[in-house]
Structure formats: structure tokens, C-alpha cells
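S.K.: quick one, fold the following:
(one chain, ligands or ions: 2)
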Amino acid sequence: MKGGMARKTLVLCCLIGILAALSGGTRHVAGAMSSTNEGKNLSSHHISGERAVAEDAYALQTQPLSVTIVAPSKEIGDFAANRGNVWDMADRGDIAMVHNAESVALIRIGEDTILRGNMRDGPPHLGFVVFWGSSRELFPAKQYHHMIFRLKIQARRDCWTNGRVGYTKVWSGYEDVVIRASVSTYPYVPHIPPMSCSHGNFCIYYIDLARNNNWPGWPTWHTARSPNDPSTWLTDPIRGVGIVPHEWCANVRANPDYFDLDFVYLTGDIVARAEDGYRYRVRYDLNAPGAQRVVVTIRYREVHELRPPGQEPLCDADSFGYFWQDFDPPAREEIQLVTPEPPEPTGENRVFLPVIAKAISAGRGQWSYWLDFSDNSRFQDGKSYYLCFEANADDGARRTYQVSSAPVIRVPRTPWFGPD
Ligand SMILES: [Ca+2]
Ligand SMILES: [Ca+2]
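M.R.: Residues are numbered from 1 along each chain as shown. Ligands and ions are numbered 1, 2, ... in the order given. Predicted coordinates:
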């Protein structure tokens with residue numbers, strides 16, 4: 001079997017050489033012409049059959065390349081974006097319910113739209129802004145667990161206030177029923193480290209809801225006794241999701257004047273986190289029929305708010321050089337697709353066959369590259385970075401471009417959690 005295979009590939013190699021000689025050839029084929037066993041085992045019967053194979057192989061090299069970006073992608077991207085309406089506070093459809101608010105309004109600031117809310121004075125001290133709720137559907141919490149939002153709290157400088165993230169296990173037309181069925185995180189304190197977000201400034205909040213240990217010593221969820229308990233985000237039936245933007249200022253017994261909320265994302269693994277050194281591992285598949293070598297270059301483009309799939313920035317041969325930024329150093333990888341097939345003993349000729357690289361299993365991506373978003377002069381917390389891939393086979397003879405259907409979002413350390 002193995003010997004037969006070797007013979008077959010050897011014959012194929014020689015025929016590619018002959019074919020190349022007839023047609024002018026390429027460098028790929030020229031490499032295969034160094035065989036010293038030309039003519040061996042050839043019969044007319046073999047020639048017609050093997051020529052068809054050789055022509056197929058040659059035809060592969062004119063087929064288009066393609067890149068499939070596995071991560072970041074819409075498959076693991078943002079929940080609201082994937083349903084077609086990002087929670088960017090651009091329309092009232094972003095809000096499902098507001099509890100205990102004196103007023104809420106959508107306000108335009110420059111290019112952007114925010115939700116400005118003024119909560120009622122306590123007690124009960126808590127206001128809840130819910131973005132999604134359903135009595136029929138369960139929230140796909142396993143898939144979407146990175147909570148990211150951009151929020152400003154307008155309050156006295158000495159105001160000591162907290163926020164929370166919450167979900168509800170019941171959805172109803174009666175607000176009180178929803179609130180009674182809600183589970184919140186422990187309160188987080190924005191204005192002390194690691195967030196150090198003073199009142200009156202916009203800050204990025206980030207919490208991984210699937211973990212109960214976002215900060216040492218305190219579990220993420222109020223219902224847990226210790227950070228070692230599993231996160232109930234992953235096990236409870238979730239019928240509504242929201243945030244408590246702030247509580248009232250416990251120390252001065254006053255309410256913050258108002259809060260401004262810019263956007264809320266609930267995503268899968270598309271985040272470059274501070275705790276990981278702001279590194280993100282992109283994963284992709286490459287289909288490069290007949291190519292020996294493919295050079296993949298990844299560039300980025302920053303946008304303020306992420307977009308629904310299909311509305312990504314344009315990524316093509318024209319825009320690649322103008323609208324997309326190189327990483328520093330450039331994110332570029334040379335992929336050698338040539339493999340000796342089958343593995344040969346030393347002394348024999350290497351035989352190059354067309355290689356089509358495909359994913360080993362769905363969702364994993366055969367190829368990967370670590371992108372570095374740690375440079376604070378280039379990258380900012382809360383910004384969305386779309387990626388444009390250029391794959392370039394055989395020294396530019398074939399090229400393809402592909403944009404990621406979801407961005408990488410840079411996120412800071414999780415907020416400090418404290419006792420209730
Ligand atoms: Ca929206
Ligand atoms: Ca916004």
C-alpha cells in the first residue's frame with residue numbers, strides 16, 4: 001500500500017514536470033522537476049490516467065483562495081448585534097424595562113447616542129435597566145457571558161456608590177415580579193482601583209458573568225457564598241438581563257444627579273482582557289488549493305461601537321492599504337503548505353502535492369495568531385477592533401481579503417467587588 005502510494009506520487013511528480021515543461025510551468029512545478037527517476041514505471045496506460053490527475057493538480061493552483069475567520073466572529077460575538085440591534089442606546093428598542101427611574105431619555109452627543117437616566121432617591125436605592133427579557137425564551141448564557149458597558153455617573157465627588165449586573169429568572173408584565181426574581185452581582189465600586197473611575201467620567205465596565213471569582217475574596221454573584229462556587233449565570237434559567245447603573249451615595253445620603261449609558265455588550269470570547277495582557281488569539285481556516293506558501297497579514301480598524309454582522313467596515317484590496325492599520329510589529333504569518341506525501345526515506349525526492357488546509361473541527365480554526373492590543377497609545381479599553389485578513393498565495397499570484405464578522409473588544413480589569 002505504502003509502496004504503491006509512493007510510486008503513484010512519484011509518477012505524478014514526473015508528469016507535473018512534463019506538463020510544466022509543455023505549458024511554461026510555474027515555480028511550484030519547477031520544484032518538482034528535479035526528479036531523477038523520470039520515465040520509470042510509465043506505460044501508456046498510466047500516462048492517460050495520471051495526466052488527468054496532474055491536470056487536476058495544476059487546475060487547483062488557479063482556484064481562488066479563501067479565509068474563514070473563526071474567532072472573532074459573529075458565531076461567538078455579541079448577543080444583541082446577532083439579533084440585529086446592538087444595545088448602543090440609539091433607539092428605545094434597546095431597553096426592555098426600567099425599574100425605579102424618575103426619568104430616562106435618549107440623548108445625542110456628537111455622533112453618538114446615550115441613555116441618560118435619573119434614578120429615584122432611595123429607599124430602595126436601586127434602579128434596574130433591563131435590555132432583554134422574555135417569558136418564552138431562555139437567554140443563551142453559556143454562549144454570551146462577557147458583560148461590557150460604558151457608563152458615566154454624574155455625582156458628588158465624595159459620593160460612595162456601587163453598581164451591579166443582574167438577571168431575572170422570571171419575566172412578566174409586572175415589574176415587581178421581575179425584580180423579585182432577580183439575581184444580582186455583588187456591588188462593584190467604580191471609583192477605587194482597579195477601575196479608578198471617578199464620577200463624571202465615562203468608564204468601561206467589564207465582568208465575566210460565567211466566573212464567580214472576578215475579584216479575589218468576593219464571589220461575582222450575590223447568591224454565592226464563595227468565589228469557588230460555580231456561577232449561577234451558567235445554570236439558572238435566565239429570562240431577563242440588565243444592570244443597576246448605581247446605588248445612591250451611601251455616605252452622603254444623596255442620589256447621583258444622573259447616569260449616562262453609552263452601550264452594553266454581552267459577548268462570547270471576542271475580548272482582549274487586561275488580565276491576559278490584552279492579547280487575543282485569532283483563529284482562522286485557510287483554503288488554498290495547490291498553494292505552496294501563503295502569507296497572511298492581519299490589520300485592524302477601530303470603531304467606537306460594534307456593529308451587527310453584515311455592517312462591518314469594508315475590507316478589500318483597495319481599502320486594505322488605506323483604511324486598515326498594521327499592528328506593530330505587523331501581524332504577518334507565512335504558512336508553508338507543502339508537505340512531503342507520504343513521508344519519504346532520506347535520499348528520495350520530495351514530492352509536492354496540492355494541500356487544502358481546512359478546519360480540523362468546526363469552530364476551532366486550523367491556524368491561529370496572537371494579536372497584541374496592549375499598546376495604550378494605539379488601543380483603548382471599550383473600543384471595537386475589526387480585523388481585515390489578507391491572504392496572499394505564491395507571491396501575490398492569488399490574493400483574498402476577509403473581514404471579521406465581529407470585532408475584538410479591549411476590556412479592562414474587572415471592577416472591585418465588595419460587601420453589600
Ligand atoms: Ca440599538
Ligand atoms: Ca451609544
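S.K.: where do the strands sit along the stretch 1-150 of the chain?
M.R.: Ranges of strands in the stretch 1-150 of the chain, per DSSP state E, counting those that start in this stretch, are 66-71, 97-99, 101-109, 112-119, 128-133, 146-154.
S.K.: to ligand 1, which of these lies closest?
M.R.: strand 112-119 (8.4 Å; CB to the ion). (Glycine included, C-beta is placed from N, CA and C.)
S.K.: do that closest one and ligand 1 meet?
M.R.: No: judged by CB under 5 Å from the ion, strand 112-119 makes no contact with ligand 1; its nearest approach is 8.4 Å.
S.K.: counting contacts, what elements does that strand pack onto?
M.R.: Packing partners of strand 112-119 (3 or more CB pairs under 8 Å, 6 or more residues apart in numbering; DSSP states H and E): strand 101-109, strand 258-267.
S.K.: can you list the buried residues in that strand?
M.R.: T113, I114, L115, R116, G117, N118, M119 (16 or more other CB atoms under 10 Å).
S.K.: helix, strand, or coil at F327?
M.R.: Each residue gets one of three states, and F327 gets strand by DSSP: H, G, I helix; E, B strand; the rest coil.
S.K.: that one contacts I298, doesn't it?
M.R.: Yes: judged on CB atoms under 8 Å, F327 makes contact with I298 at a distance of 7.1 Å.
S.K.: now for those two: what residues contact both?
M.R.: L371 (CB atoms under 8 Å, 6 or more residues apart in numbering).
S.K.: returning to what we had before: which one of the strands of the stretch 1-150 of the chain lies nearest to F323?
M.R.: strand 66-71 (17.6 Å; CB to CB).
S.K.: average pLDDT across that closest one?
M.R.: Strand 66-71 carries an average pLDDT of 94.
S.K.: can you list the residues of the stretch 51-200 of the chain near ligand 1?
M.R.: N85, V86, D88, A90, D94.
S.K.: now those residues in TSV, with neighbour count, distance to N100 and pLDDT?
M.R.: Converted to TSV, these look like this (neighbours: other CB atoms under 10 Å; distance: CB to CB, whole Å; pLDDT from 0 to 100):
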residue	neighbour count	distance to N100	pLDDT
N85	13	25	96
V86	22	25	98
D88	22	23	98
A90	17	24	96
D94	21	19	97
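S.K.: which one among the residues you listed gets closest to S182?
M.R.: Looking across those and measuring by CB to CB, the closest to S182 is D94, at 19.1 Å.
S.K.: surely the closest one touches A81?
M.R.: No: using CB under 8 Å, D94 is not in contact with A81, being 11.7 Å away.
S.K.: please enumerate the helices of the stretch 251-400 of the chain.
M.R.: Taking DSSP state H, counting those that start in this stretch, the helices of the stretch 251-400 of the chain run over residues 317-320.
S.K.: just want the residue of it that's nearest ligand 1.
M.R.: Closest point on the stretch 251-400 of the chain to ligand 1, by CB to the ion, is F263, at 8.6 Å.
S.K.: re the thing from before, now the strands of the stretch 1-150 of the chain as CSV including distance to ligand 2?
M.R.: Converted to CSV, those look like this (distance: least, CB to the ion, whole Å):
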stretch, distance to ligand 2
strand 66-71, 25
strand 97-99, 17
strand 101-109, 9
strand 112-119, 5
strand 128-133, 13
strand 146-154, 8
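S.K.: so where is the stretch 301-420 of the chain shaky, pLDDT-wise?
M.R.: Counting by pLDDT under 70, the ranges of the stretch 301-420 of the chain that qualify are 338-365, 419-420.
S.K.: at 90 what do you get?
M.R.: 335-366, 394-397, 414-420 (pLDDT under 90).
S.K.: ok, now which ones touch whichever residue of it sits closest to ligand 2?
M.R.: Closest residue of the stretch 301-420 of the chain to ligand 2, CB to the ion: E305 (5.6 Å). The neighbours of E305, taking CB under 8 Å, 6+ apart as the test, are V86, D88, D112, D262, F263, S384.
S.K.: same question for D381.
M.R.: Counted by CB under 8 Å, 6+ apart, D381 has contacts I204, Y206, A274, R410, V411, P412.
S.K.: who does the helix or strand encompassing the first one pair up with?
M.R.: Yep, that's I204 we're talking about. Using DSSP states H and E, I204 maps to strand 202-208. Here strand 202-208 has these sheet partners by DSSP bridges: strand 146-154 (antiparallel).
S.K.: next SSE downstream of the strand it pairs with?
M.R.: Immediately after strand 146-154, counting by DSSP H and E, sits strand 164-168.
S.K.: close to ligand 2: what parts of the stretch 101-250 of the chain are there?
M.R.: D112, T113.
S.K.: what do you get if the cut-off is 6 Å, keeping everything else the same?
M.R.: Applying CB under 6 Å from the ion, one finds that the stretch 101-250 of the chain approaches ligand 2 through D112, T113, I114.
S.K.: pLDDT check: weakest of those?
M.R.: For those, the weakest pLDDT value sits at D112, with 94.
S.K.: mind listing what that one touches?
M.R.: Per CB under 8 Å, 6+ apart, neighbours of D112: D262, H304, E305.
S.K.: just the closest of the residues you listed to L151, please.
M.R.: D262 (7.2 Å).
S.K.: now the closest one: closest residue in space that isn't a chain neighbour?
M.R.: R150 (3.9 Å; CB to CB, 6 or more residues apart in numbering).
S.K.: wouldn't the one you found be in contact with F202 here?
M.R.: Yes: using CB under 8 Å, R150 is in contact with F202, at 5.7 Å.
S.K.: which residue of the two possesses the greater neighbour count?
M.R.: Between R150 and F202, R150 has the larger neighbour count (other CB atoms under 10 Å), namely 23 against 14.
S.K.: so in terms of bridging, what pairs with that one?
M.R.: I204, F263.
S.K.: tell me the domain boundaries of the chain?
M.R.: As recorded under automatic domain parsing, the domains making up the chain are 2-60, 67-75+274-408, 78-267.
S.K.: out of these, flag the one nearest F417.
M.R.: domain 78-267 (3.9 Å).
S.K.: any idea how far the closest one is from the chain center?
M.R.: 22 Å (CA atoms, centre = their mean, to the nearest Å).
S.K.: so for stretch 233-241, mean pLDDT?
M.R.: 97.
S.K.: alpha carbons only: can I get it in CSV?
M.R.: Extracted C-alpha coordinates of stretch 233-241, given in CSV (Å, rounded to 0.1, in the frame of the first residue of the first chain):
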residue,chain,number,x,y,z
TRP,A,233,-25.2,32.5,35.3
LEU,A,234,-24.5,29.1,33.7
THR,A,235,-27.1,27.1,35.5
ASP,A,236,-30.2,29.3,36.2
PRO,A,237,-32.9,29.9,33.7
ILE,A,238,-32.3,33.4,32.6
ARG,A,239,-35.3,35.4,31.3
GLY,A,240,-34.0,38.9,31.6
VAL,A,241,-30.7,40.7,31.7
